[in-house]
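Participant: need a structure here:
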Amino acid sequence: MTLRSFVVQRVTDLRDALTTVPDAQTWLGCAGVFGLFVACAGPIGLLSGLLHPTVPHLMSRDAFLTALVVFVHPAFVEEVVFRGLLLPRDMRSMPPLRAFVATVAALALYVASHPLNAILFRPGVLQLFASPAYLALATLLGIACTIAYLFSRSIWPSVAIHWVSVVTWIWLLGGREMLGRS
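Facilitator: The predicted model follows:
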């Protein structure tokens with residue numbers, strides 16, 4: 001495969017992932033993936049202190065802006081990059097070992113992007129973004145988003161899972177304070 005054909009295939013897969021709207025049964029399956037993520041991530045987050053229930057003190061305008069910003073980045077941008085561009089929509093299109101390596105590499109890059117993002121753009125949250133508990137939760141979220149993407153062949157379930165997870169953390173589970181936005 002030439003570099004040009006590889007790039008064309010990645011762009012084609014991304015276009016198809018962006019224009020595919022899953023049916024109700026697929027959304028239900030992805031909701032199950034999200035439920036498994038919450039069941040695994042919740043205890044880790046609570047025991048580590050990374051998640052702690054809080055009462056949100058947000059004006060509706062702030063809530064809307066936070067939801068919009070989180071939808072764009074990290075949810076949409078990271079899912080486009082780490083799922084849509086790095087993973088094929090159809091894993092059967094490549095040999096199993098190569099598909100496994102691509103999946104693990106995309107997940108590793110996704111997890112590593114969090115402390116790197118802090119180093120480059122938000123040094124004040126580096127300690128949080130590099131903490132083992134945060135990276136464990138990011139790994140679990142990346143796995144859930146990857147499964148949803150591969151199951152649905154659409155970017156939208158993984159964007160939804162990512163968005164709901166981050167917004168819930170920021171508004172209801174102490175993320176706002178940890179990010180210095182109190």
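
Participant: All the helices of the chain, in order from the start?
Facilitator: Taking DSSP state H, the helices of the chain run over residues 3-19, 24-48, 60-70, 77-79, 96-121, 126-129, 132-152, 156-172, 175-178.

Participant: contacting residues around the most centrally placed residue in the chain?
Facilitator: The residue lying closest to the centre of the chain (C-alpha atoms, centre = their mean) is residue 162, at 4.2 Å. For residue 162, the contacting residues are 74-75, 78-79, 141, 145, by C-beta atoms under 8 Å, 6 or more residues apart in numbering. In short, each C-beta sits where N, CA and C put it, glycine included.

Participant: With adjacent residues omitted, what lies nearest to it?
Facilitator: Excluding the flanking residues, the one nearest residue 162 by C-beta to C-beta, 6 or more residues apart in numbering is residue 75, at 4.1 Å.

Participant: And that neighbour, how far from residue 98?
Facilitator: 28 Å (C-beta to C-beta, to the nearest Å).

Participant: between these two, which one's more packed in?
Facilitator: Neighbour comparison, residue 75 and residue 98: the larger count goes to residue 75, with 23 against 12 (by other C-beta atoms under 10 Å).

Participant: before we move on, the earlier item: in the contacts of residue 162, which residue is surrounded by the most others?
Facilitator: The most crowded member of those is residue 145, carrying 29 neighbours; neighbours defined as other C-beta under 10 Å.
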